[in-house]
Structure formats: structure tokens, C-alpha cells
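J.: With the input below, show me the fold.
(one chain, ligands or ions: 1)
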Amino acid sequence: METPPGILVRDLSLHFGGVTVFEGLSFEIAAQKFTALLGPSGVGKTTLLRIIAGLEAPATGGVAATDRAPLAGRIAYMAQQDFLLPWASALRNVMLGATLRGARPEPERALHLLERVGLGAQAHALPQTLSGGMRQRVALARTLYEDRPIVLMDEPFSALDSITRLKIQNLAAELLAGRTVLLITHDPLEACRLGHALFVLSGAPARLSEPLHVPGPPPRAADDIALLQTQGALMRTLTEAAAP
Ligand SMILES: Nc1ncnc2c1ncn2[C@@H]1O[C@H](COP(=O)(O)OP(=O)(O)OP(=O)(O)O)[C@@H](O)[C@H]1O
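T.: Got it, this is the predicted structure:
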């Protein structure tokens, strides 16, 4: 895989009807790190991710890679819902991107990734026979199958119970290490376990907080002292962000 670049967001403005979601928003997402993005519901997190993914066009400004090469084709997107096709096996769902692009599927590589997320034995199972955590692991394997240097994740684990969530966070940290990852989450613990830098988006138009940094490589233990201190600081920033 090529060296994952960082992402430059420059002078972004976007309005929906009379609402100004972004006005002159600029920031940088570090290369080869996990960046966590938190903030109140409706502030514009998903919209920001969609702009970076090229799925939404801003009124002004834009998004570029720090290596100046085009971003197109270098981004994988993992959404909150697993979006698995109900009639296709786990294996075929992992290869869905290739199928949709008309590319030759690589079942051996897909199976290897299912094995890495602990689902080798379920390769031929249909999604409805799998638990929510298993389905999100299939979705994670599908994201990895795309093998893109940049990975955008929109609350990917929010529907899971807390222990399943801790386990899949560990997997994501291991399997996505070295890529440029932007993770939207409402879970301060998830942000602190996985993020190298944590940002809070708040206000209308939305502004980014100064980043918080958690020491040590992800995934961090949930009871790590430095993590708990950062989580406290993050909770204060989130409380201020929610104040009217
Ligand atoms: N296609 C659209 N048309 C009109 N308004 C939109 C559209 N998409 C988003 N919005 C509005 O833009 C704002 C930001 O929405 P967005 O989904 O990005 O928020 P969010 O921070 O991701 O929220 P949540 O945490 O609840 O997922 C909201 O006020 C939303 O209603």
C-alpha cells in the first residue's frame, strides 16, 4: 500500500436552506494516525465526512491530500449501519465493492480478512444468521478488503454492547494501524481508546476545538490513567460544546 497521506480541509462553507453548517472551516487530519471527531447531534460531523469522501459538495473551499495527489479512489467509508446485502454470504459481502466496480473478486483475500476478524467459520453464512457484532466485523473486513490508505468511519460500533465494542475497537486499532483514519463517535471512551488526536465540533457554524492528545499507542486499556484523565478533559469540552 502507498504511504497514507494526511487530509487538508480548507475554508469549507456549506449551507442547508437557511442554516449555515460550516463557514470558513479549516483544519488538518494527521497522516497515518487515528483522528476522533465528537460533537453534539446535528452539528455536521456526518456532513463533514461526506464532504471528505466526495459524496457532498461544499459551497466554498475543499479537501485535499497532503501529498497533493487526488483523493479519489483512496478512501474507504464505513457507516453506522453495516449495509450488508441480506441475500449474500459474509464472503460475498466482503467483496461487494469489487463486484459493484466490475473488478475481479479475490475470494482468498476476502476469506483471509474474515479469518482476521474471527469469522473464518462464518464465511458462507447469511447476514441475518449473524449477531450485530459479527455483522459489524464483516463490515470491517469489507472496509479492509478495499485496502485504501484513508478510512472514514461514521459511528461504526455504536449499535454494539460495550464489551463487543471494546473487542472490535481492538481489532480496528490493530488492522487499521498505519492508515489515516477519521472516526466519528459519540463515545468518549472509544475516542480515547483509539484516537491519537481528538476534536470536538460544535456551534453553528461549526468550529473545531483544539485537539486533545492521548499518550501511548491505540488501543489503550479502558482503565489506563492517562486515558481517564484525557476522558475527563474531553467530557468538559463536550459539556461546554453542548451549552446553549
Ligand atoms: N441533505 C441535507 N439536506 C438538508 N439538511 C441536511 C442534509 N444533511 C444534513 N443536513 C443538516 O445538516 C446538519 C448537520 O447534519 P449531520 O448529519 O452532519 O450532523 P451530525 O453531527 O453527523 O449528527 P449526528 O451526531 O446526529 O449523526 C443538521 O442540521 C442536518 O439536519
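J.: Only C-alpha atoms from now on, for both contacts and neighbour counts.
T.: Fine.
J.: Alongside the ligand, which residues does the chain contribute?
T.: 16, 40-47 (CA under 6 Å from any ligand atom).
J.: most residues in a single helix of this structure, which one?
T.: The helix spanning the most residues in the chain, taking DSSP state H as the definition, is helix 225-242.
J.: Show me what that helix is packed against.
T.: The contact analysis (3 or more CA pairs under 8 Å, 6 or more residues apart in numbering; DSSP states H and E) places helix 225-242 against helix 188-194, strand 197-202, strand 212-213.
J.: roughly how far is the longest one from the heart of the chain?
T.: Relative to its chain's centre, helix 188-194 lies at 12 Å (CA atoms, centre = their mean, to the nearest Å).
J.: List the contacts of it.
T.: Residues outside helix 188-194 that contact it (CA atoms under 8 Å, 6 or more residues apart in numbering): 34, 36-38, 166, 169, 173, 183, 185, 198, 214, 218-222, 227, 230-231, 234-235.
J.: CA atoms only: put that helix into PDB for me.
T.: Only the C-alpha atoms of helix 188-194 are listed here, as PDB (Å, rounded to 0.1, in the frame of the first residue of the first chain):
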ATOM      1  CA  PRO A 188     -15.700   9.400  24.700                       C
ATOM      2  CA  LEU A 189     -14.100   6.100  25.800                       C
ATOM      3  CA  GLU A 190     -14.000   4.900  22.200                       C
ATOM      4  CA  ALA A 191     -12.400   8.200  21.200                       C
ATOM      5  CA  CYS A 192      -9.800   7.900  24.000                       C
ATOM      6  CA  ARG A 193      -9.000   4.300  23.300                       C
ATOM      7  CA  LEU A 194      -8.500   4.700  19.600                       C
END
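J.: got the buried residues for the helix or strand where Arg135 lies?
T.: Per DSSP states H and E: Arg135 is located in helix 132-146. Across helix 132-146, burial judged by 16 or more other CA atoms under 10 Å covers 132-146.
J.: what does stretch 16-28 give?
T.: So for stretch 16-28, counting by 16+ other CA under 10 Å, buried means 21-23, 25-26.
J.: does the residue nearest the centre of the chain sit in a helix, a strand or a coil?
T.: Among the residues of the chain, Met153 comes closest to the average C-alpha position under CA atoms, centre = their mean, at 1.8 Å. Three-state call for Met153 (DSSP: H, G, I helix; E, B strand; the rest coil): strand.
J.: what does the model give it for pLDDT?
T.: Note for Met153: predicted pLDDT of 96.
J.: Tell me who's in contact with it.
T.: 77-80, 181-184.
J.: how does the chain divide into domains?
T.: Domain segmentation of the chain under automatic domain parsing yields 7-74+149-242, 85-147.
J.: My read is that Ala123 contacts Ala88, right?
T.: No. Between Ala123 and Ala88 no contact is recorded; they are 10.4 Å apart, counting by CA atoms under 8 Å.
J.: which of these two has more neighbours?
T.: For Ala123 versus Ala88, the count of surrounding residues by other CA atoms under 10 Å is larger for Ala123: 19 against 15.
J.: Report the contact partners of the more buried one.
T.: Counted by CA under 8 Å, 6+ apart, Ala123 has contacts 89-91, 111, 114.
J.: quick revisit: so of the buried residues of stretch 16-28, which ones are in strands?
T.: Among the buried residues of stretch 16-28, DSSP state E puts 21-23, 25-26 in strands.
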